[in-house]
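**Student:** model the structure of this input:
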Amino acid sequence: MTSLPPASAPSGSPEPAGPSVPLRSVLLAGGGTAGHVSPLLAVADALVRTQPGVLVTALGTETGLEARLVPQRGYPLAFVPRVPMPRRPNAAALRFPADLKAAVSAAGAAIDRAQAQVVVGFGGYVSSPAYLAARLRKVPIVVHEQNARPGFANRLGARLTRHVATTFPSTVLPHAQCLGMPLRREITTLDRRAVRAEALTAYGLREGLPTVLVTGGSLGAQRLNEAFAARACALSAGGIQVLHVTGAGKEFETSGIDPEVPYRVVSYVDRMDLALAVADLVVARAGANTVCELTAAGVPAIYVPLPIGNGEQHVNAADVVSAGGGLLVPDAHVTPDWIDTTVVPLIRDRVRLDAMAAAAGRVGRRDADLAMVELIRTAVAAGGAS
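**Tutor:** Reported below is the predicted structural model:
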C-alpha cells in the first residue's frame, strides 16, 4: 500500500497578511451537496486551528447536507431560503426577484448577527445572496470555486471581489489564483498503511484481499450501483472484496456472497479517510472534491464523470488522468461486462496500481485549507475596498 506522498505547496499561494490582521468573525457560505460542504468545513477547521478565538459561522439551507454536517462538526449554522436560478419563464421566474430579496435579507441578518469581518463563499444556492448581502454592507468577499467550470454563484462573486481562489488551474474566473481544494485534516494527514487495520475492522473487511471502493458521492450514482450490484457475487467468488457506497436510500441487498470475501453496501461514509485506507482501487464519479481527496491520499482511481451538466467532471479529472494516476471512462461504458474486462484485471495488477498511486499523489495538493486562511486574512486587511 502506498503511503501519503510529501505535501506540495499550491501554486499561487497568497502572501501572508501579517500578524496585524486578527480574525474575529468569519461567515462561510455554501451548501447543498458534499462538494460545497466539505471544503467549507475544511476551511472552518483551519481557521479555528490557526486563528485563536475566531468565531466561524456557516450559512446554508435547511435541506442541504450542511443542515446535518455543520452542527455535527460543532459550528453554528444560519439558514437562508433556497432560491434556484430560474431556467425558463414560469411562476418560479416571476417569484424570483422577491425570493432572492428575501434570501439576501436572511444572509444579511446572519452577517450582522455574527458581526462578520468577511464572507467566504463556496458556491451553490447559498452563496449568491451571501455575496450580495456582503456587498451591500461593504464586507470583504472571498470566493472559492471547487469545479473546473464555475457555476453562476461564483461567477457573480468573482465580479464583486479581487480575492478569488480556484481548485484547478484551468478554471477561468476574474482575479483567480489556483490554491487547490481545501480538504479535511483526516484526508491530508492520512497514512493509509498505518490505519488500514482499523479501517478494515470498521467496515467488516479482511486483510490480504484486493479491495475496491465504489462511490458515487453523497448522492450516489445509479450507473455504478446497477453495474456493481450485478457483479457482486462474481467479484466475491473471484476473491475481490468491495466497499460500495451507494448514496442515501439507494442501498441494495446482496445474496450468495462468499462470507470470506465480503461485499459491503453502505449508504454513506462519514469517515472517508477510513474508506480510502482500505481501497486498493476506487471507482467513482469525478466530482471536484472526490478527485482532490483521492489525489491528496495517493489512491488510484477509475473516474466515471457524470454524463449530464456542463461536462465539468470530465475536466476535473483531466490532470490526474494525464499524469497516469487514474483512468477516465464514459458513463455509458460502465456495465457488468466492463467490470469483468477492466476493473478485475486492474485490481489484480499490483505493479500498475502502485505506479498509479504514486502518480496520483504527485498531482494531489494538501495545504489549500491554510492557503485559504491566508487569502481570507488578505481580504480582511484590504477591507471593503476588496
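**Student:** at which residues are the strands of the stretch 1-150 of the chain located?
**Tutor:** With DSSP state E, counting those that start in this stretch, the ranges of strands along the stretch 1-150 of the chain come out as 25-29, 55-60, 77-79, 118-121, 141-145.
**Student:** among these, which is nearest residue 263?
**Tutor:** Smallest distance to residue 263 across the strands of the stretch 1-150 of the chain (CB to CB): 34.8 Å, for strand 55-60. Where C-beta positions appear, they are placed from N, C-alpha and C, glycine not excepted.
**Student:** how distant is that closest one from the center of its chain?
**Tutor:** 18 Å (CA atoms, centre = their mean, to the nearest Å).
**Student:** so where's the stretch 151-300 of the chain shaky on pLDDT?
**Tutor:** Within the stretch 151-300 of the chain, the stretches with pLDDT under 70 are 218.
**Student:** all the helices of it, in order from the start?
**Tutor:** Assigned helices in the stretch 151-300 of the chain, in chain order: 152-158, 185-188, 192-202, 222-230, 232-237, 272-278, 288-297 (criterion: DSSP state H, counting those that start in this stretch).
**Student:** reformat these as a markdown table; add distance to residue 61.
**Tutor:** Output for the helices of the stretch 151-300 of the chain, formatted as a markdown table (distance: least, CB to CB, whole Å):
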| stretch | distance to residue 61 |
| --- | --- |
| helix 152-158 | 13 |
| helix 185-188 | 25 |
| helix 192-202 | 31 |
| helix 222-230 | 24 |
| helix 232-237 | 35 |
| helix 272-278 | 23 |
| helix 288-297 | 18 |
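**Student:** export those helices to CSV and tack on mean neighbour count?
**Tutor:** CSV is the format used below for the helices of the stretch 151-300 of the chain (neighbours: other CB atoms under 10 Å):
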stretch, mean neighbour count
helix 152-158, 22
helix 185-188, 18
helix 192-202, 16
helix 222-230, 18
helix 232-237, 18
helix 272-278, 24
helix 288-297, 28
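**Student:** quick one, phi/psi of the closest residue in space to residue 268 that isn't next to it in sequence?
**Tutor:** Distances taken as CB to CB, 6 or more residues apart in numbering put residue 248 closest to residue 268, at 5.9 Å, once the chain neighbours are dropped. Main-chain dihedrals, residue 248, degrees, to the nearest 10: phi -60, psi 130.
**Student:** and the gap between residue 248 and residue 344?
**Tutor:** Taking CB to CB, to the nearest Å as the measure, residue 248 falls 28 Å from residue 344.
**Student:** higher neighbour count, those two?
**Tutor:** Between residue 248 and residue 344, counting by other CB atoms under 10 Å, residue 344 is the more crowded of the two (18 against 11).
**Student:** just give the nearest non-adjacent residue to residue 221, would you?
**Tutor:** residue 285 (5.5 Å).
**Student:** wait, that neighbour sits on residue 303?
**Tutor:** Yes - using CB atoms under 8 Å, residue 285 is in contact with residue 303, at 7.3 Å.
**Student:** now do the shared contacts for the two.
**Tutor:** residue 313 (CB atoms under 8 Å, 6 or more residues apart in numbering).
**Student:** the more surrounded of the two?
**Tutor:** Neighbours per residue (other CB under 10 Å) separate residue 285 from residue 303, with residue 303 holding more: 25 against 22.
**Student:** list the beta-bridge partners for that one.
**Tutor:** Applying DSSP bridges to residue 303 gives these bridge partners: residue 284, residue 328.
**Student:** surely it touches residue 329?
**Tutor:** Yes - with contacts counted by CB under 8 Å, residue 303 reaches residue 329, the gap being 7.1 Å.
**Student:** mind checking how far residue 294 is from residue 132?
**Tutor:** 35 Å.
**Student:** give me phi/psi at the closest residue to residue 325 other than its chain neighbours?
**Tutor:** In space, and not counting its chain neighbours, residue 325 is closest to residue 360: 3.1 Å by CB to CB, 6+ apart. Main-chain dihedrals, residue 360, degrees, to the nearest 10: phi -60, psi -40.
**Student:** show me the contacts for the closest residue to residue 55 other than its chain neighbours.
**Tutor:** In space, residue 55 comes closest to residue 25 once its chain neighbours are excluded; the distance is 4.4 Å by CB to CB, 6+ apart. Contact partners of residue 25, counting by CB under 8 Å, 6+ apart, are 54-57, 114-117.
**Student:** what about burial for these, which qualify?
**Tutor:** In the contacts of residue 25, burial by neighbour count holds for 54-57, 114, 116-117, counting by 16 or more other CB atoms under 10 Å.
**Student:** longest helix of the chain?
**Tutor:** Longest helix in the chain, counting residues (DSSP state H): helix 91-114.
**Student:** alpha carbons only: can I get that one in CSV?
**Tutor:** Extracted as CSV, the C-alpha positions of helix 91-114 are listed here (Å, rounded to 0.1, in the frame of the first residue of the first chain):
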residue,chain,number,x,y,z
ALA,A,91,-44.3,31.0,-12.0
ALA,A,92,-40.9,30.5,-10.3
ALA,A,93,-39.3,33.0,-12.5
LEU,A,94,-42.0,35.6,-11.6
ARG,A,95,-41.3,34.9,-7.9
PHE,A,96,-37.6,35.0,-8.3
PRO,A,97,-36.9,38.7,-7.5
ALA,A,98,-38.9,38.6,-4.3
ASP,A,99,-37.4,35.2,-3.3
LEU,A,100,-33.9,36.5,-3.9
LYS,A,101,-34.6,39.6,-1.9
ALA,A,102,-35.7,37.5,1.0
ALA,A,103,-32.6,35.3,0.7
VAL,A,104,-30.3,38.4,0.6
SER,A,105,-32.1,39.8,3.7
ALA,A,106,-31.7,36.5,5.6
ALA,A,107,-28.0,36.4,4.6
GLY,A,108,-27.5,40.0,5.7
ALA,A,109,-29.1,39.3,9.1
ALA,A,110,-26.7,36.4,9.6
ILE,A,111,-23.7,38.6,8.7
ASP,A,112,-25.0,41.3,11.1
ARG,A,113,-25.6,38.8,14.0
ALA,A,114,-22.1,37.3,13.6
